[in-house]
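**Student:** No sequence on hand, only this structure:
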């Protein structure tokens, strides 16, 4: 039985560790745990919005709640005019696959750009579209 709590990313595929020992050996070998999939900075006036998508390395699915493996995460943060990031996220969506995570990222970037074209970033409306 696979040790489903942790995984690594191999050629855009999630590969679960067979045991906790395998996971520890992987980290001890100097491998990265989280991996960046995509990152975009979108400027609007004096503010910068950062759209970040990463492979989490841990399954964030909650058994009995969503019963889906969630290995990837897209988030939006805001940075001030000095590029200091406020890590209280404005948006968060998780995904099962690499392709789904890339699509989530592209969708959020598109929504942000559309808001900017309209002249207003309405953070309350930055939701799953």
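**Tutor:** Yep, that arrived. Computed from a predicted model, the values in this text were never measured in an experiment.
**Student:** what are the ranges of the helices in the chain?
**Tutor:** 20-28, 98-117 (DSSP state H).
**Student:** Please identify the most buried of these.
**Tutor:** For the helices of the chain, the largest average neighbour count (mean count of other C-beta atoms under 10 Å) is found in helix 98-117, namely a mean of 17. (C-beta placed from N, C-alpha, C; glycine too.)
**Student:** which other residues reach that one?
**Tutor:** The list of residues contacting helix 98-117 from outside it, by C-beta atoms under 8 Å, 6 or more residues apart in numbering, reads 9, 12-14, 37-38, 40, 42, 44, 49, 51, 53, 55, 72-74, 76, 91, 93, 95, 121-122, 125-126, 129.
**Student:** Among those, which ones are in strands?
**Tutor:** 9, 13-14, 37-38, 40, 42, 44, 49, 51, 53, 55, 72-74, 76, 91, 93, 95 (DSSP state E).
**Student:** List buried residues within those.
**Tutor:** Of the members of the ones in strands among the contacts of helix 98-117, the ones counted as buried by neighbours, 16 or more other C-beta atoms under 10 Å, are 9, 14, 37-38, 40, 42, 49, 51, 53, 55, 72-74, 76, 91, 93, 95.
**Student:** Any idea what the nearest residue to residue 101 once chain neighbours are set aside is bridged to?
**Tutor:** Excluding the flanking residues, the one nearest residue 101 by C-beta to C-beta, 6 or more residues apart in numbering is residue 72, at 3.5 Å. Applying DSSP bridges to residue 72 yields these beta-bridge partners: residue 55, residue 95.
**Student:** now swap in residue 85 and tell me
**Tutor:** Applying DSSP bridges to residue 85, the residues it is bridged with are residue 79.
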